[in-house]
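**Q** Provided below for reference: sequence and predicted model.
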Amino acid sequence: MPLIKRRETTEKQLAANRRNQQLCNEVLTDAGRERIRAAHLRHGFYARDVEVSMCALGEDPAQLQSLTEGLWDTYNPTDVAQEGLVIRLARATWLMNRADRMQEGCAVRQATEISRGRQERLHARMMRLAMTADSLRLLARSVECKHYVTPRPDLEKIKSLHEEGVLGDMSEIILAFFFELQAPGTGEDGEDPEEKTRRVMNKIRGIFGLNPVQQEDEDPEAPAPELPEGADAQYPGVTPAEWEARERPRHLLENLLKRQIEVCEGERKVILKESLNGPSPFERAAEIAPTHPNTKLMRRMQDSNFREVRRITNLLLKLKRNQHKMEAWEGESDVEGV
């Protein structure tokens with residue numbers, strides 16, 4: 001139960017409030033519109049220079065006039081102070097809407113710039129994935145051969161893919177398998193150190209017109225030694241047991257390469273579908289995330305205009321309430337006097 005007893009409203013007061021309400025909510029006539037235009041010029045909020053500046057910004061002065069007329073119908077100012085506040089409220093509301101358009105314009109411009117090169121970027125990614133899949137397919141076909149030994153071109157190709165990072169986390173594992181399947185005695189660069197030195201010396205001796213260097217105890221006319229069963233003529237030093245031990249990593253490498261081919265093909269299909277369907281709403285929202293350096297400034301402008309609209313609205317409502325109270329008291333006094 002409240003401690004202060006509210007005064008009951010009498011029928012006379014209710015009748016006076018109804019009369020005042022009809023006066024406040026009258027239909028806007030031509031004479032009322034002329035009052036609005038005169039108030040614009042009197043208060044200086046809608047002068048000719050304002051119209052020129054709005055047209056320069058691509059805005060329609062008639063829309064501001066329509067907004068002002070709507071607020072005029074809502075608050076129906078009865079004196080100069082209320083007229084100025086209504087026009088000020090229309091101006092603050094217009095500036096608040098302009099701040100919204102600023103942020104939306106920056107988002108549209110940012111989305112347009114991103115979308116302009118979207119198709120080219122997606123096409124480049126698809127081409128890159130197709131080239132990677134072709135390279136992996138050639139490597140897998142080479143690894144399928146029995147008694148596979150990593151040749152230098154395959155090693156260079158997988159090193160290139162590893163440096164580009166197109167294979168992801170599996171790049172290190174695949175590269176390690178290729179190193180493991182090199183010829184016995186091969187260095188980290190994929191080449192036999194003795195063979196490399198011999199080739200450099202032969203090149204130098206060829207420049208000076210000397211005979212090329214041959215391996216020690218090498219007789220070019222001697223017949224080729226007989227190889228044991230299961231041995232490879234190109235690598236006679238590798239025993240059948242060693243070839244058998246190399247089969248497991250070769251199978252694993254072959255499976256990894258085929259799996260990476262499937263991954264590349266799957267990613268290419270996803271990108272193709274994305275290029276046809278366009279960006280999703282979530283992707284578009286991420287693209288237009290505020291990155292402009294003046295984003296905070298525009299936000300502060302919007303908040304400042306909103307607070308001004310709220311202050312002016314509250315002041316107008318207070319003036320109207322006080323006016324209604326004064327009119328109610330005057331009506332009550334007139335009734336009591338009669």
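**A** Alright, I've got the coordinates.
**Q** Run through the residues that contact Ala81.
**A** Shown in contact with Ala81 (Cβ atoms under 8 Å, 6 or more residues apart in numbering): Leu319. Quick note: C-beta positions are derived from backbone N, CA and C, even for glycine.
**Q** Give me the domain ranges for this protein.
**A** The record's domain parsing of the chain by automatic domain parsing lists 29-116+316-337, 119-213+234-287.
**Q** Let me know which of the ones you listed is the nearest to Ser304.
**A** Each of these has some distance to Ser304 by Cβ to Cβ; the shortest is domain 29-116+316-337, at 8.5 Å.
**Q** And stretch 74-94, what's buried?
**A** In terms of neighbour count (16 or more other Cβ atoms under 10 Å), stretch 74-94 has its buried residues at 75-77, 82-94.
**Q** before we move on, what about stretch 146-156?
**A** Buried positions in stretch 146-156, judged by neighbour count with 16+ other Cβ under 10 Å: His147, Tyr148, Val149, Thr150, Asp154, Leu155.
**Q** sorry, back to before: the buried residues of stretch 74-94: which two are farthest apart?
**A** With distance counted by Cβ to Cβ, no two of those lie farther apart than Asn76 and Trp94, which are 20.2 Å apart.
**Q** what packs against the host helix or strand of Leu276?
**A** Using DSSP states H and E, the element containing Leu276 is helix 240-277. Counting contacts by 3 or more Cβ pairs under 8 Å, 6 or more residues apart in numbering; DSSP states H and E, helix 240-277 packs against helix 118-143, helix 171-180.
**Q** Give me the three-state assignment for Pro184.
**A** When the structure is split into helix, strand and coil by DSSP: H, G, I helix; E, B strand; the rest coil, Pro184 lands in coil.
**Q** Was I right to think it contacts Val238?
**A** Yes. Here Pro184 reaches Val238: they are 6.4 Å apart, a contact under Cβ atoms under 8 Å.
**Q** of the two, who's got more company?
**A** Under the neighbour definition other Cβ atoms under 10 Å, Pro184 and Val238 were set side by side, and Val238 has more, 18 against 10.
**Q** before we move on, could you check phi and psi at that one?
**A** Recorded main-chain torsions at Val238 are phi -90, psi 120, according to degrees, to the nearest 10.
**Q** Likewise for His162?
**A** Main-chain torsions, His162, degrees, to the nearest 10: phi -70, psi -40.
**Q** could you list every residue that touches it?
**A** Counting by Cβ under 8 Å, 6+ apart, His162 touches Ser171, Glu172, Ile174, Leu175.
**Q** tell me the two of these that are most distant?
**A** So for the contacts of His162, where distance means Cβ to Cβ, the most widely separated pair is Glu172 and Ile174, at 7.5 Å.
**Q** so where is the stretch 201-338 of the chain shaky, pLDDT-wise?
**A** Applying pLDDT under 70 to the stretch 201-338 of the chain flags residues 201-234, 236, 287-288, 290-292, 331-338.
**Q** Quick one: the helices in it, in order.
**A** For the stretch 201-338 of the chain, applying DSSP state H, counting those that start in this stretch gives helices covering 240-277, 281-287, 295-337.
**Q** swap in the stretch 1-150 of the chain?
**A** Secondary structure of the stretch 1-150 of the chain (DSSP H, counting those that start in this stretch): helices at 11-24, 30-43, 48-56, 61-75, 80-116, 118-143.
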